[in-house]
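Asker: Coordinates for the following, if possible.
(4 chains)
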2 protein chains.
Amino acid sequence: MTIADSSAFRVSNLRQACAHCGLNQLCLPMALSEADMEQLDSIVERRKPLKRGSHLYRAGDGFKAIYAVRSGSLKTFSVTETGEEQVTGFHLPGELIGLDAINSWVHPCSASALETTSVCALPFEELEQLAAHIPGLQRQLLRLMSKEIFADQEMLFAMARRSAEERLAMLLLSFSDRFSRRGLSATRFRLPMARSDLGNYLGLAPETMSRLFRRFSENGWLSADGREIQLLDIAALTELSGRPTDDEPPVGKLHHSSL
Amino acid sequence: MTIADSSAFRVSNLRQACAHCGLNQLCLPMALSEADMEQLDSIVERRKPLKRGSHLYRAGDGFKAIYAVRSGSLKTFSVTETGEEQVTGFHLPGELIGLDAINSWVHPCSASALETTSVCALPFEELEQLAAHIPGLQRQLLRLMSKEIFADQEMLFAMARRSAEERLAMLLLSFSDRFSRRGLSATRFRLPMARSDLGNYLGLAPETMSRLFRRFSENGWLSADGREIQLLDIAALTELSGRPTDDEPPVGKLHHSSL
DNA sequence: CGTAGACTTGAGAACCTTCAATCAGTGTGG
DNA sequence: CCACACTGATTGAAGGTTCTCAAGTCTACG
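Answerer: Okay, the predicted model is just below:
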């Protein structure tokens, strides 16, 4: 306990350097030279782990740093005046959070750990200065922000046009993909969050989530034991999620003979 | 117009320079020095106006530049394999579009003009280089992207938790605010897009839009003549849009006697 | 002046929510 | 060790919001 205490974590020790982090192909250092990575290392603050449920920051906190998830996972969420909570994202190792605070210098939403989680803090003003000197870093920062904009728009699309089943299929495939990029199984994983968080994120009631998981199980698409998920029919989920795999046109409809 | 300052004469197209653009407080040049603005000017390509309905870019096009709306308006939208269209945003003068393409170097959605519209193209690679030299520009670029992330998340929230009425109220107030920042009336404006586009953006059927506008009119919140809108009760709309009317707490609610 | 597209209106149905009760898992205290 | 509370998950029933379908009206514009 005392061994792991603050001073040891403030020092940028080699074992934890970005260059040796297994996530550097997903995270900010991507495609940086060794020398550039050392510079990045010098501003990174490696925090001690957050316990499950504790907050990395809260809505309204002043913005000082962007955070990269190192291990564990977090959810970000905003809270209305009435206490309604809206989950805006789930974040796995290698992902950046806090980008939505750059504009106003205040965090518009809160971030809390879904399990024991450690993060790297990237003090924003120093990061900005560094980005101006390291072209690759500036580009990667812009890319990651762009990616988030795109992801949010896809989510928007899903919320606007997709049924509950389709949304869940999308989300499961998204986790599958993200886990597999991190070297974990694409078909067997443990979701770190409660059903109600998943539902909240998808704009669905917890009861609906429950019914969806049952239906998916009955259809043989997955098996779920609590948060432990096994995907059994990725093809079916993929079809549901978006691409209407044009091998299943409405056969009964005889209208267009030739297109 | 040009009560010319001598330094500005060296810029080729004086009338169109960022420094003299009425939008520069909303757009990228915000808070740049005159000298920095000249540098920005030098990479800006001012395109000839787009006709209503024509495309600035299409989904799948290679990404070359970010665009700033100079006059008129556009919508951005993605199209699925099945031809479904999802409007992802409406863009007024001073706003930047194409930021979602930075990550993949391909435009993930299309942009088309809602009326006669002119834009400034900001070739991305040059913009990136310039941003590395001009701290204020890098910061403003990051801020604008952050703002878009935040806006998308607010929209996500709306889609997940808000009723059709609440969403429309939000959208109307958003337009009101954006028009007034551009020196137009906050209460009387002409929406440049069809009801069906509005509905598509909000995840609502056109028929629902029609019924909503009628209900809003009946309640005296606005009067609408086609695309010409007059907001009559901003307070009511504001209350609807976000703060859940805490003057109507569940006082009268007798806990279920028996049903 | 006629056609095409946009908007409106109504009726019925679908999907998802809300409410309520039950159940399972976990940690606590007697 | 077991009762107890507590949180999260599950299931059923009822209801509401919004969609879809189908006309019908209006408007813009060649």
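Asker: alpha carbons only for contacts and neighbour counts from here, please
Answerer: Will do.
Asker: Quick one: residues in contact with stretch A:85-101.
Answerer: Under the criterion CA atoms under 8 Å, 6 or more residues apart in numbering or on different chains, residues A:23-24, A:26-27, A:63, A:65-79, A:107-108, A:144-145, A:178, A:182, A:197, A:200-201, B:146-147, B:149-150, B:153, B:156-157, B:161 lie in contact with stretch A:85-101.
Asker: Show me what the most centrally placed residue in chain A is bridged to.
Answerer: By CA atoms, centre = their mean, chain A has its centre lying nearest to residue A:91, at 2.9 Å. For residue A:91, the beta-bridge partners are residue A:74 (DSSP bridges).
Asker: correct me, but residue A:131 touches residue A:137?
Answerer: Yes. Between residue A:131 and residue A:137 a contact is recorded at 5.2 Å, counting by CA atoms under 8 Å.
Asker: In three-state terms, label the nearest residue to residue A:44 once chain neighbours are set aside for me.
Answerer: Nearest in space to residue A:44, with sequence neighbours left out and distances taken as CA to CA, 6 or more residues apart in numbering or on different chains, is residue A:122 at 5.2 Å. Following DSSP: H, G, I helix; E, B strand; the rest coil, we place residue A:122 in the strand state.
Asker: you'd agree residue A:122 is up against residue A:67?
Answerer: Yes. At 5.8 Å, residue A:122 counts as touching residue A:67 under the criterion of CA under 8 Å.
Asker: ok, which residues in the stretch 51-200 of chain A are in contact with chain B?
Answerer: For the stretch 51-200 of chain A, the residues in contact with chain B (CA under 8 Å from any CA of the partner chain) are A:81-82, A:86, A:88, A:99-104, A:108, A:128-129, A:131-133, A:135, A:138-139, A:142-150, A:152-153, A:155-157, A:159-161, A:200.
Asker: The residues you listed in helices, which ones?
Answerer: Here DSSP state H is the test, and these give A:128-129, A:131-133, A:135, A:138-139, A:142-150, A:152-153, A:155-157, A:159-161, A:200 as lying in helices.
Asker: where in chain A is pLDDT low?
Answerer: Within chain A, the ranges that satisfy pLDDT under 70 run A:1-16, A:243-259.
Asker: Return the residues of it in contact with DNA strand C.
Answerer: Where chain A comes near DNA strand C, counting by CA under 7 Å from any atom of the strand, the residues are A:162, A:163, A:164, A:165, A:203, A:204, A:205, A:206, A:207, A:208.
Asker: ends of stretch A:21-31, how far apart?
Answerer: With CA to CA, to the nearest Å applied, stretch A:21-31 spans 13 Å between its terminal residues.
Asker: cool, stretch A:192-210 as well?
Answerer: 16 Å.
Asker: what comes up buried for it?
Answerer: A:192-193, A:195-204, A:206, A:209 (16 or more other CA atoms under 10 Å in any protein chain shown).
Asker: ok, back up a step: let me have the residues of chain A next to DNA strand C in CSV, extended by secondary structure and distance to residue A:52.
Answerer: Converted to CSV, the residues of chain A next to DNA strand C look like this (DSSP: H, G, I helix; E, B strand; the rest coil; distance: CA to CA, whole Å):
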residue, secondary structure, distance to residue A:52
A:162, coil, 32
A:163, coil, 32
A:164, helix, 28
A:165, helix, 29
A:203, coil, 24
A:204, coil, 24
A:205, coil, 23
A:206, helix, 21
A:207, helix, 24
A:208, helix, 26
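Asker: What is the nearest of these to residue A:188?
Answerer: Checking the residues of chain A next to DNA strand C against residue A:188 with CA to CA, the nearest one is residue A:165 at 19.7 Å.
Asker: Do I have it right that the closest one meets residue A:212?
Answerer: Yes. The criterion here is CA under 8 Å, and residue A:165 meets it with residue A:212 at 6.6 Å.
Asker: out of the ones in helices among the residues of the stretch 51-200 of chain A next to chain B, which are buried?
Answerer: For these, buried by 16+ other CA under 10 Å: A:128, A:131-132, A:135, A:138-139, A:142-150, A:152-153, A:155-157, A:159-161, A:200.
Asker: about what we covered before: against residue A:195, how distant is the residue nearest to residue A:44?
Answerer: Counting by CA to CA - residue A:122 and residue A:195 are separated by 31 Å.
Asker: How about residue A:90?
Answerer: Counting by CA to CA - residue A:90 and residue A:195 are separated by 13 Å.
Asker: cool, and residue A:91?
Answerer: Applying CA to CA to residue A:91 and residue A:195 gives a distance of 16 Å.
Asker: related to what we said a few turns ago, what about DNA strand D: which of the residues of chain A next to DNA strand C touch it?
Answerer: Of the residues in these, proximity to DNA strand D by CA under 7 Å from any atom of the strand holds for A:206, A:207, A:208.
Asker: Grab the nearest non-local neighbour of the first one.
Answerer: Going back to what we said before, that points to residue A:206. residue A:196 (4.9 Å).
Asker: is it true that that neighbour touches residue A:203?
Answerer: No. Contact criterion CA under 8 Å: residue A:196 and residue A:203 do not qualify, at 10.1 Å.
Asker: what's around residue A:47, how many residues?
Answerer: When counting by other CA atoms under 10 Å in any protein chain shown, one arrives at 17 neighbours for residue A:47.
Asker: With residue A:130 instead?
Answerer: 18.
Asker: and chain A, what are its domains?
Answerer: Here chain A is described, according to automatic domain parsing, as comprising the domains A:3-155, A:162-241.
Asker: Tell me which of these lies nearest to residue B:187.
Answerer: Going by CA to CA, the one of the domains of chain A nearest residue B:187 is domain A:3-155, 26.3 Å.
Asker: residue ranges of the strands in chain A, please?
Answerer: A:45-46, A:55-57, A:65-71, A:74-79, A:85-91, A:96-97, A:110-113, A:118-123, A:188-190, A:222-225, A:228-231 (DSSP state E).
Asker: got those as a markdown table, with distance to residue B:57 columns?
Answerer: Output for those, formatted as a markdown table (distance: least, CA to CA, whole Å):
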| stretch | distance to residue B:57 |
| --- | --- |
| strand A:45-46 | 41 |
| strand A:55-57 | 39 |
| strand A:65-71 | 32 |
| strand A:74-79 | 33 |
| strand A:85-91 | 29 |
| strand A:96-97 | 29 |
| strand A:110-113 | 36 |
| strand A:118-123 | 35 |
| strand A:188-190 | 40 |
| strand A:222-225 | 40 |
| strand A:228-231 | 38 |
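Asker: Please identify the most buried of those.
Answerer: Of those, the one with the most neighbours on average (mean count of other CA atoms under 10 Å in any protein chain shown) is strand A:96-97, at a mean of 24.
Asker: Neighbouring strands of that strand in the sheet, and parallel or not?
Answerer: Strand pairing for strand A:96-97, using DSSP bridges, gives strand A:65-71 (antiparallel).
Asker: what does the strand it pairs with contact?
Answerer: For strand A:65-71, using CA under 8 Å, 6+ apart, the contacting residues are A:23, A:27, A:91-99, A:116-125.
Asker: just to revisit the earlier point, contacting residues for the residue nearest to residue A:206?
Answerer: Counting by CA under 8 Å, 6+ apart, residue A:196 touches A:205, A:206, A:209.
Asker: does residue A:112 have beta-bridge partners, and which?
Answerer: In this entry, residue A:112 is beta-bridged to residue A:55, residue A:75, by DSSP bridges.
Asker: measure it to residue A:208 for me?
Answerer: 24 Å.
Asker: In contact with the closest residue to residue A:49 other than its chain neighbours: list those residues for me.
Answerer: Nearest in space to residue A:49, with sequence neighbours left out and distances taken as CA to CA, 6+ apart, is residue A:118 at 4.2 Å. Taking CA under 8 Å, 6+ apart, we find residue A:118 in contact with A:46, A:47, A:48, A:49, A:50, A:69, A:70, A:71, A:72.
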